[in-house]
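>>> Whatever this is, show me its structure:
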Amino acid sequence: MASFSIPLTGLEADSTALNTIANDLANMNTTAFKAESTNFSDLFYQQIGSTGSGDPIQVGAGVKVASNEIAFTQGSINSTGNSTDVALNGSGFFVVSNGDGGYEYSRAGNFSLASNGDLVTSNGLNVMGYPAVNGVVNTDAPLTAVNVPVGQVQEPQATTTMNMTANLDSTTAAGTPFPAEVTVYDSLGEPHTATITFTPTAITNTWDYSVSLPAADYSAAAPDAAPAAITGTMTFDQNGNLTQVQPTGQPAPSNVGTAAGDVQSIGLNFNPAATNVFVDGAAGLNIQWNLLGAAGTPTISQVDTTSAVSATTQNGYASGQYQSFTIGSDGTVTASYSNGQTQNVGQLALANVTNNQGLSLLGNGDYATTLASGTAVVGTSGTGGLATVQDDALEASNVNISTEFSDLIVAQRAFEANAKSVTTFDTVTQDTINMVH
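Below is the predicted model of the structure:
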């Protein structure tokens, strides 16, 4: 009988609405959970007659659940202080491996590190990203599991370039040396102190330079390995700017600058082709002493003030043990080592779809694409409308408890009304049966 079937459809639809609200409230504290709302639509109608004017008289068959709509609004971002926690601020999803060669998508950034250093979700799925080779991320490469070099040692790097920012006192008497030091590293990561000695000559605005490494650093098994000091001459103009250099053995001075034919560095060759040059068994060094700064101007000057070195830089370093990692706003994963060095080890991949409502909910905060959602487009943080990444933080659930309680009251009243309809029709039916008796 329609009198019973119609309110039963209402009870069924209201039950779905109550379940949806209950699920939202149960997930109020679930990381990056997105609240749902249940929408209804009426069922088909049966025409039982028409009016005198020809208007149809129609009776409905009840109600059905039209959709469960997900609210993909931004949840609040809360700092956690945990480097494995990552929040998305904006649209998009993290890309995770489903273990079968395919991908799933998630907003939940409560990641952790597996024993092999892989970044994984709370249910053990690998977080996917772009690989890095020697610290350079390749966003054109296929996605791979993001791996942090936990427990690994960063290999040392021999110094190949160095720079010194210094001033030489123009009033220094000829023959009075001014020594400066730069720490450089060999191929095994052993530090060596390179001493650069500046000595003014009898010629105005001209200084001799001499670069040497300590004799004790060289291997006794290779007595010919220790080269003589590397020497030459520097010339300054009347404003104290370095204008020319002439390494010993070079027939003529070279202009210092960025114009064609100018030089920008001095080669310091400490037997780079020889093996076992140093006590630790490392090879020799070939260092370019850069004379220009970032602006293309010389970093060594000669003016009437105390000779001093204000800064030195070089690109070598000793080996280092992994210590920690961070994730930048662009999703770049950077490892830090005990030697003070950092190195990019990958970059988180993000994805988006044309229709978020078409995604299939898998549980554990994961989604899968469907024909309705469209294919996921993968990119990096901050590009193509994708979210930015915030490290040491998590996105909270976007469930609004006030809204949920309000909807709960409405759903409860609707359920009660439909239930009352059933009991009312039951009474009417009983009265009808009693009339027969």
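
>>> doesn't residue 408 fall inside a helix?
Yes. Remark: residue 408 belongs to a helix, assigned using DSSP: H, G, I helix; E, B strand; the rest coil.

>>> For the most centrally placed residue in the chain, list the residues it contacts.
Central residue of the chain (C-alpha atoms, centre = their mean): residue 331, 1.9 Å from the mean position. Residues near residue 331 by C-beta atoms under 8 Å, 6 or more residues apart in numbering: 129, 347-350, 380-381, 389. C-beta coordinates here come from the backbone N, C-alpha and C atoms, glycine included.

>>> Pull the distance from stretch 298-314 to the chain's centre.
The chain centre lies 38 Å from the centre of stretch 298-314; the measure is C-alpha atoms, centre = their mean, to the nearest Å.

>>> for the record, mean pLDDT for that stretch?
For stretch 298-314, mean pLDDT rounds to 96.

>>> Check which helix or strand residue 286 maps to.
strand 285-290 (DSSP states H and E).

>>> Please enumerate residues in contact with that strand?
Contacts of strand 285-290 (C-beta under 8 Å, 6+ apart): 158-164, 184, 186, 192, 194, 211, 264-272, 299, 314.

>>> Now which of those would you call buried?
Burial by neighbour count, 16 or more other C-beta atoms under 10 Å: within the contacts of strand 285-290 this picks out 158-159, 162-164, 184, 186, 192, 194, 211, 265-266, 268, 270-272, 299, 314.

>>> what residues go with each domain of this protein?
2-72+398-436, 82-154+322-395, 161-318 (automatic domain parsing).

>>> any idea which of the ones you listed is most buried?
domain 82-154+322-395 (a mean of 18; mean count of other C-beta atoms under 10 Å).

>>> Strand partners (parallel or antiparallel) of the regular element (helix or strand) spanning residue 334?
In this assignment (DSSP H and E), residue 334 forms part of strand 332-337. Strand pairing for strand 332-337, using DSSP bridges, gives strand 320-327 (antiparallel), strand 342-348 (antiparallel).

>>> same question for the last one, mean pLDDT?
Confidence over strand 342-348 (mean pLDDT, whole number) is 97.

>>> repeat for the first one
This predicted structure assigns strand 320-327 an average pLDDT of 96.

>>> nearest spatial neighbour of residue 152, skipping sequence neighbours?
residue 322 (5.2 Å; C-beta to C-beta, 6 or more residues apart in numbering).

>>> these two touch, right, the one you found and residue 334?
No. With contact defined as C-beta atoms under 8 Å, residue 322 does not count as touching residue 334 (11.6 Å).

>>> Low-confidence stretches in this structure?
The model of the chain has pLDDT under 70 over residues 1-4, 222-226, 425-426, 428-429, 431-432, 437.

>>> quick one: the helices in it?
For the chain, applying DSSP state H gives helices covering 2-26, 401-436.

>>> Let me have the ones you listed in TSV, adding distance to residue 120 as columns.
Output for the helices of the chain, formatted as TSV (distance: least, C-beta to C-beta, whole Å):
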stretch	distance to residue 120
helix 2-26	25
helix 401-436	31
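
>>> Select, out of those helices, the one closest to residue 367.
helix 2-26 (15.7 Å; C-beta to C-beta).

>>> got a list of contacts for that closest one?
Outside helix 2-26, the residues that reach it (C-beta under 8 Å, 6+ apart) are 35-38, 40, 43, 59-65, 68, 399, 401, 404, 407-408, 411-412, 414-415, 417-419, 421-422, 425, 428-429.

>>> beta partners of residue 246?
residue 233.

>>> residues in contact with it?
Here residue 246 is in contact with 232-233, 235, 252-254 (C-beta under 8 Å, 6+ apart).

>>> How about residue 153?
Counting by C-beta under 8 Å, 6+ apart, residue 153 has contacts 319-322.

>>> any idea which of these has the most stuff around it?
Neighbour counts for the contacts of residue 153, by other C-beta atoms under 10 Å, peak at residue 320, which reaches 21 neighbours.

>>> Let me know whether it touches residue 339 as I believe.
Yes. Residue 320 is in contact with residue 339 according to C-beta under 8 Å; the separation is 3.1 Å.

>>> Identify the contacts common to those two.
With contacts defined as C-beta under 8 Å, 6+ apart, the residues shared by residue 320 and residue 339 are residue 154.

>>> Is the closest residue to residue 328 other than its chain neighbours bridged to anything, and to what?
Leaving aside its sequence neighbours, residue 328 sits nearest to residue 334 (C-beta to C-beta, 6+ apart; 6.7 Å). Judged by DSSP bridges, the bridge partners of residue 334 are residue 326, residue 344.

>>> can I assume residue 334 is in contact with residue 325?
Yes. Using C-beta under 8 Å, residue 334 is in contact with residue 325, at 6.3 Å.

>>> so what sits against both of these two?
In contact with both residue 334 and residue 325: residue 345, using C-beta under 8 Å, 6+ apart.

>>> if we can go back for a sec, can you tell which of the helices of the chain is closest to residue 177?
helix 401-436 (76.5 Å).

>>> Just list what the closest one packs against, helices and strands only.
Contact here means 3 or more C-beta pairs under 8 Å, 6 or more residues apart in numbering; DSSP states H and E; on that basis helix 401-436 packs against helix 2-26.

>>> Please name the bridge partners of residue 119.
Residue 119 has these beta-bridge partners by DSSP bridges: residue 113.

>>> Correct me if wrong: it contacts residue 113.
Yes. Using C-beta under 8 Å, residue 119 is in contact with residue 113, at 6.4 Å.

>>> and the closest residue to residue 212 other than its chain neighbours, what does it touch?
Setting aside the residues directly before and after it, residue 212 is nearest to residue 229 in space (C-beta to C-beta, 6+ apart), at 3.9 Å. Residue 229 sits next to 210-212 when contact means C-beta under 8 Å, 6+ apart.

>>> again, 10 Å this time
For residue 229, the contact set (C-beta atoms under 10 Å, 6 or more residues apart in numbering) comprises 195-197, 209-213, 248.

>>> Show the backbone phi and psi for it.
phi -60, psi 140 (degrees, to the nearest 10).

>>> Residue 213 versus that one, what's the distance?
Look at residue 229 and residue 213: by C-beta to C-beta, to the nearest Å, they are 9 Å apart.

>>> Overlap of the contact sets of those two?
residue 195.

>>> wait, residue 168 sits on residue 307?
Yes. With contact defined as C-beta atoms under 10 Å, residue 168 reaches residue 307; the gap is 5.2 Å.

>>> shared neighbours, the two?
178, 180, 198, 200.

>>> That's all I had, so thanks and see you.
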